[in-house]
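Enquirer: Fold the stuff below for me.
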Amino acid sequence: MRKSLLLSLVMLITASMAFAQDRTISGKITSSEDGSAIPGVNVVVKGTTTGAVTDIDGNYKLTVPTDGATLIFSFIGLETQEISIGSRSVIDVSMA
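Expert: Numbering: from 1, shown residues only. A predicted model of the protein is given here:
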């Protein structure tokens, strides 16, 4: 009984640590010319297929790994930007 309780506790802690490996990043993409929101910008975690597209208000939200990820922001006709996340949870970008 005691062994099974201990084993269950260890498995629960391990599982919770595995889920804690990701975090949510959000932000808003605007034009550097006039400050207007840019819908349809692709936001991708570099080296993965994880990504999002900005909504009509230029907002995005995605889940990223905690280990030093970099986001790539791209939109046709604008300069692609790569930004390291660091410890931030909100990353707003101005694109030209």
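
Enquirer: and the residue nearest to S36 when sequence neighbours are not counted, bridged to which residues?
Expert: Using CB to CB, 6 or more residues apart in numbering and skipping residues adjacent in sequence, the residue nearest S36 is T30, 6.4 Å away. (Glycine included, C-beta is placed from N, CA and C.) When bridges are called by DSSP bridges, T30 pairs up with A37, S94.

Enquirer: can you check A52 too?
Expert: V43.

Enquirer: Measure how buried it is and give me the count.
Expert: Around A52 there are 18 other residues, counting by other CB atoms under 10 Å.

Enquirer: and it, how far is that from G27?
Expert: 10 Å (CB to CB, to the nearest Å).

Enquirer: shared neighbours of these two, which are they?
Expert: Between them, A52 and G27 share these contacting residues under CB atoms under 8 Å, 6 or more residues apart in numbering: Y60.

Enquirer: Span of stretch 25-41 from start to end?
Expert: Criterion CA to CA, to the nearest Å; first-to-last residue distance in stretch 25-41 is 15 Å.
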